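# here is a sequence with its predicted model. Questions after.
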Amino acid sequence: MRIYNPTFGLSAAGGEKIALKPVNWMTDAIALVSNSKPNARELLDGIRTKLGAVRAVTNIDFLAKNSASQPAPKDLLEKVAANYRGALLAIAD
């Protein structure tokens, strides 16, 4: 089976360009987002613990989708965009 990307080689519709500043993983707020599969929370907890060895973890928060089979709800995406400079997503089983 061959799967073709119909958008390959086409430029995305133009929009306003925004200058992005890099995430400072040592100080910036980070969202740890679970896809709600088994062990995703445990995986993220391990990442938070490891990060705690080199930085403060008071601004690293756990978030989760309602269901692994559904996309993240709009309000969750908006919360991440409004409150965090970086996000790590866990897909586990």
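Ah, there it is.

# could you use CA atoms for every contact and neighbour count after this?
Fine.

# quick one: the strands in the protein?
If DSSP state E is used as the criterion, the strands of the chain fall at 30-34, 60-64, 86-90.

# any idea which of the ones you listed scores lowest on pLDDT?
Lowest mean pLDDT within the strands of the chain: strand 86-90, a mean of 90.

# what comes up buried for that one?
86-87, 90 (16 or more other Cα atoms under 10 Å).

# try stretch 52-64
Neighbour-count burial for stretch 52-64 flags 57, 60-64 (criterion: 16+ other Cα under 10 Å).

# just stretch 79-86 next, same as before
Those would be 80, 84-86, for stretch 79-86 by 16+ other Cα under 10 Å.

# between those, which is closest to residue 19?
Distance ranking of those against residue 19, using Cα to Cα, places residue 85 first at 13.8 Å.

# for the strands of the chain, give me CSV that also has distance to residue 19.
Shown next, in CSV, are those (distance: least, Cα to Cα, whole Å):
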stretch, distance to residue 19
strand 30-34, 20
strand 60-64, 24
strand 86-90, 16
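
# residue 67 touches residue 36, doesn't it?
Yes. The criterion here is Cα atoms under 8 Å, and residue 67 meets it with residue 36 at 5.8 Å.
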